[in-house]
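In: would you be able to build a 3D model of this:
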Amino acid sequence: MTKIDLITGILGSGKTTFIHEYASHLIQQGQRIAILENDFGAVNVDMVMLQDLKCENCQLEMIAGGGDPCCHKRRFKTQLISLGMQHFDRVIIEPSGIFDMDEFFDTLYESPLDQWFEIGSILTIVDAEMDDVLSAQMEYLLASEAACCGKLILSKWQNIKGESEEDLVSHILTHLNRSLTGIQCKRQFQPKDVLTADWSALRAEDFSAMQSAGYRNCSYVKQFNTESIQSEVHYFMHINLPENQIEPLIQQILADAACGKIYRIKGTLPAENGDWLKVNATAEKTEISPVKDGQAVLIAIGDNLHREKIDAYLQKYNTDPEYVSI
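Out: Now for the predicted structure:
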């Protein structure tokens, strides 16, 4: 049967960056894999960020939009049926940061998927830089997306200064375990459940542990549905900015509290030479690099976002008359 891995994590935690390293290792092992970008949003920029993985042994597929959860689930199942018939060694699923875990389990237990797939590992990316207290919605997502995982993968921990690795892990777990209690989940994570390592220098034994991490059957009380959390993501499309203004402009948006609590801005923008630029930005760092294909869009992810405030920043330099935000 084909192993299927689910990589969860709240908005901006670093799932796509992790998948790039994880999938690269599997490809180097000679495994034939597929990556399924399973997103409730209208545009999937993460697919663009994984394009360089495409090869004979790596297939990229995407589900975007769907209109409503039932339609999205049907598309999810249809895509998995297609992948199941191709008999990959492993399928990696990256859902949106807003994801109902029941969709994953319910779909895999349906026929004919239950004859083709078995769950390999559920890995949850936890952002070491996340605030000690998140919004009620984000606290719910943090806990519900981690509750059933086989391993926690800590991201951005290198950015935390003045705190030992042991104290940092303890601090993160205190937060996560508090969130689990808040959704009436009995599971409590221990330091042994956490992988803290430089993703660019993961060892063979690290990858082996992740591939065999498995998952847990844990129950919790569902406090929100995905539809009610959709407002946490906004799309800004048909953008053409001067290249020398992209980084300072994005940093201004991230620093302005009037725009909301923004965890991440990602997207692709047209380059002045006719190619494309990949943008991946947090308050701490903005990465801009060339990419073969793209779509003129930026996506802002966070809490209590004020789309009109972000519009004002982007429209100051945007030269595309068809600009729109949703």
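
In: list the buried residues in the lengthiest helix in the chain.
Out: Using DSSP state H to define each element, the chain has its longest helix at helix 165-182. The neighbour-count check on helix 165-182 (16 or more other Cβ atoms under 10 Å) flags 168-169, 172-173, 175-177, 179-180, 182 as buried. For glycine as for every other residue, the C-beta is placed from the backbone atoms N, C-alpha and C.

In: for the residue nearest to residue 60 when sequence neighbours are not counted, pull up the helix or strand it's in.
Out: Of all residues not flanking residue 60 in the chain, residue 35 sits nearest, at 5.3 Å (Cβ to Cβ, 6 or more residues apart in numbering). Take DSSP states H and E as the rule and residue 35 turns out to sit in strand 33-38.

In: okay, now the sheet partners of that strand, with direction.
Out: According to DSSP bridges, strand 33-38 forms sheet pairs with strand 58-63 (parallel), strand 90-95 (parallel).

In: pick the most deeply packed of the ones you listed.
Out: strand 90-95 (a mean of 24; mean count of other Cβ atoms under 10 Å).

In: need the residues that contact the helix or strand following that one.
Out: Under the assignment DSSP H and E, the closest C-terminal helix or strand after strand 90-95 is helix 101-108. Applying Cβ atoms under 8 Å, 6 or more residues apart in numbering, the external contacts of helix 101-108 come out as 4, 6, 8, 69, 72-73, 76-77, 80, 93, 95, 113-114, 117, 119, 144-145, 147-148, 222.

In: filter the residues you listed down to just the buried residues.
Out: If we count by 16+ other Cβ under 10 Å, the contacts of helix 101-108 have these buried: 4, 6, 8, 72-73, 76-77, 80, 93, 95, 113, 117, 119, 144-145, 147-148.

In: among the residues you listed, name the ones in helices.
Out: Short answer: the buried ones among the contacts of helix 101-108 in helices (DSSP H) are 72-73, 76-77, 80, 113, 144-145.

In: specify the beta-bridge partners of the closest residue in space to residue 196 that isn't next to it in sequence.
Out: Using Cβ to Cβ, 6+ apart and skipping residues adjacent in sequence, the residue nearest residue 196 is residue 154, 4.8 Å away. Following DSSP bridges, residue 154 is listed with bridge partners residue 126.

In: for residue 188, see how far away residue 154 is.
Out: Distance from residue 154 to residue 188, counting by Cβ to Cβ, to the nearest Å: 17 Å.
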